[in-house]
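following is a predicted model, sequence given first.
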Amino acid sequence: MDAFFAAIEQLRRPELRGRPVVVGGDGDPRKRGVVSTASYEARRYGIRSAMPLRHALRACPHAVFLPVDFETYRAYSARLMALLREYTPLVEPVSLDEAFLDCSHRTEDPLALAREIQARIRAELGLTASIGIGPNKLVAKIAANLQKPEGLTMISAEEVEERLRPLPVQVLWGVGPKTAAYLKQTHNIETVGDLQALPLAVLQETLGPRHGEDLYRLCRGEDDSPVVTAWEPKSYSRETTFQVDVRRRETLVRTVRALGREVWAECVREDGYRVRTVTVKVRYHTFRTQTRALTLPQATDDLDLLLRTAVDLLHRHTLDRPVRLVGVRFSGLARPPTEGAAASPSQTDLVGAQPAFLDTSRRTASRTSS
DNA sequence: TCTGGGGTCCTTATCCTC
DNA sequence: TCTGGAGGATAAGGACCC
């Protein structure tokens, strides 16, 4: 979807159409937070996702700043995904505003099919989508990003290597700013074509056996990953950045306990998992981030034990400098042992089979603590 | 001066067992 | 008894994704 959050805000508040709209944080650009989505009007001022709100304010003081309203975006997302599932049951939601569709069973012209989907999204949701068509997920995703907004790009299997060649390496999965800079520095690589020229052995030597081989295939547009419709979470977490850095241990303890309760409510009470590993994250004012983790002898649903563990882990941090963020994560998830018969597969498969942010029934957890 | 929050996955180090 | 793998589990950090 194009500028999804901002487009929804402009849709429900017509007076915002044509104006620069920035969605992020709690909507106050003088406070700590980053841009979630900028409307295309705001992007003209250089405003981008992940940019600090204060920077966005400086770049465009007359922009309209709005808080993130996940509840509403989730509702639009549910309608979008339902619409997509009319075309194929094989829909893999990547986030609220993005999905892969496996349409390999469909026989009509792919471009005509994509145009129909775009038209229906526009007519029924009032929003625009960009679509990429390719022989696999990687190529479809790259294609979708080539033309926006409301773009439509198809890359056939025969054209893949050639179409990818001129693109910057960062279009490939797993290549972010660090890896891109490293490839440039070590082998003067900037484009996917540069990468295609590198032998497998050199890539593996540069990036490690696993990542090297992945990239060797990805830069040729090779990707056999399936469209996955069901999904089990591996961890649940909550973290919070303080508006002002905190020195008092008491405040940190209180916040860790509050975050722990929130994670427990979602992970254990709502989704029915037991937890083996607790991790507490601390980010100091310097932005140095440290984690301390403990794996319990066995998985538990005991709130008191989990909170005590979290507080113990907090105290294993030095906490000798001002703290800007604390977080709590539960992982090593297990299902409680079922009495009598083995666990019913249907239940095992259904519960938690969707990312939490896609669950339309879920209440929005409070993201502000202390 | 600034740098959110929710995740996944990989690498490396270390400890332990066989 | 000592030494040296192999391999699993755990812990910590970091890159990356939306």
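Cool, the structure landed. No experiment lies behind these values; they were computed from the predicted model shown.

can we go C-alpha only for contacts and neighbour counts from here?
Will do.

gap between residue A:336 and residue A:277?
According to Cα to Cα, to the nearest Å, residue A:336 stands 15 Å off from residue A:277.

who's more crowded, those two?
residue A:277 (22 against 14; other Cα atoms under 10 Å).

ok, and the closest non-adjacent residue to residue A:334?
Distance criterion Cα to Cα, 6 or more residues apart in numbering; nearest residue to residue A:334, sequence neighbours excluded, is residue A:274 at 5.1 Å.

got it, and residue A:253?
The shortest distance from residue A:253 to any non-neighbouring residue, by Cα to Cα, 6+ apart, is to residue A:311 (6.3 Å).

can you check residue A:279 too?
Nearest to residue A:279 is residue A:293, by Cα to Cα, 6+ apart, at 4.1 Å.

that older thread, got a list of what the residue nearest to residue A:253 touches?
Residue A:311 makes contact with A:253, A:256-257, according to Cα atoms under 8 Å, 6 or more residues apart in numbering.

please, where are all the strands along chain A?
In chain A, the strands defined using DSSP state E lie at A:21-23, A:37-38, A:64-66, A:91-95, A:98-101, A:131-133, A:152-154, A:235-246, A:275-284, A:289-300, A:323-331.

mind listing the strands the third one pairs with, and their directions?
Strand A:64-66 has these partner strands in its sheet, going by DSSP bridges: strand A:21-23 (parallel).

how far off centre is the strand it pairs with?
19 Å (Cα atoms, centre = their mean, to the nearest Å).

re earlier: so the residue nearest to residue A:253 versus residue A:328, what's the distance?
10 Å.

can you check which residues contact both of those two?
Common contacts of residue A:311 and residue A:328, defined by Cα under 8 Å, 6+ apart, comprise residue A:256.

report how many residues lie close to residue A:29.
Neighbours of residue A:29 using other Cα under 10 Å come to 25.

also residue A:132?
23.

does stretch A:267-283 come close to DNA strand B?
No. Using Cα under 7 Å from any atom of the strand, stretch A:267-283 stays clear of DNA strand B, coming no nearer than 7.9 Å.

mind listing what's buried along that stretch?
A:267-268, A:272-283 (16 or more other Cα atoms under 10 Å).

wait, which of those is closest to DNA strand B?
residue A:267 (7.9 Å; Cα to the nearest atom of the strand).

and chain A, which residues reach DNA strand C?
So chain A meets DNA strand C at A:94-98, A:170-180, A:277, A:288-295, A:297 (Cα under 7 Å from any atom of the strand).

show the buried residues in the residues you listed.
A:96-98, A:170-172, A:175, A:180, A:277, A:291-293.

adding pLDDT, write those out as JSON lines.
Output for those, formatted as JSON lines (pLDDT from 0 to 100):
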{"residue": "A:96", "pLDDT": "95"}
{"residue": "A:97", "pLDDT": "95"}
{"residue": "A:98", "pLDDT": "96"}
{"residue": "A:170", "pLDDT": "94"}
{"residue": "A:171", "pLDDT": "94"}
{"residue": "A:172", "pLDDT": "94"}
{"residue": "A:175", "pLDDT": "92"}
{"residue": "A:180", "pLDDT": "91"}
{"residue": "A:277", "pLDDT": "95"}
{"residue": "A:291", "pLDDT": "94"}
{"residue": "A:292", "pLDDT": "94"}
{"residue": "A:293", "pLDDT": "94"}
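
pull out the buried positions in stretch A:28-41.
For stretch A:28-41, the neighbour count (16+ other Cα under 10 Å) marks A:28-29, A:33-41 as buried.

tell me the one of those nearest DNA strand B?
Distances from DNA strand B to the buried residues of stretch A:28-41, taken by Cα to the nearest atom of the strand, are shortest for residue A:33, at 3.7 Å.

identify the residue spatially nearest to the closest one, adjacent ones excluded.
residue A:25 (4.9 Å).

next, count neighbours for that neighbour.
Neighbour tally, residue A:25, other Cα under 10 Å: 21.

one more: residue A:114?
Residues near residue A:114, counting by other Cα under 10 Å: 18.

the residue nearest the centre of chain A bridge partners, please.
Compute the mean C-alpha point of chain A, and by Cα atoms, centre = their mean the closest residue is residue A:95, 6.0 Å away. On the basis of DSSP bridges, residue A:95 is bridged to residue A:98.
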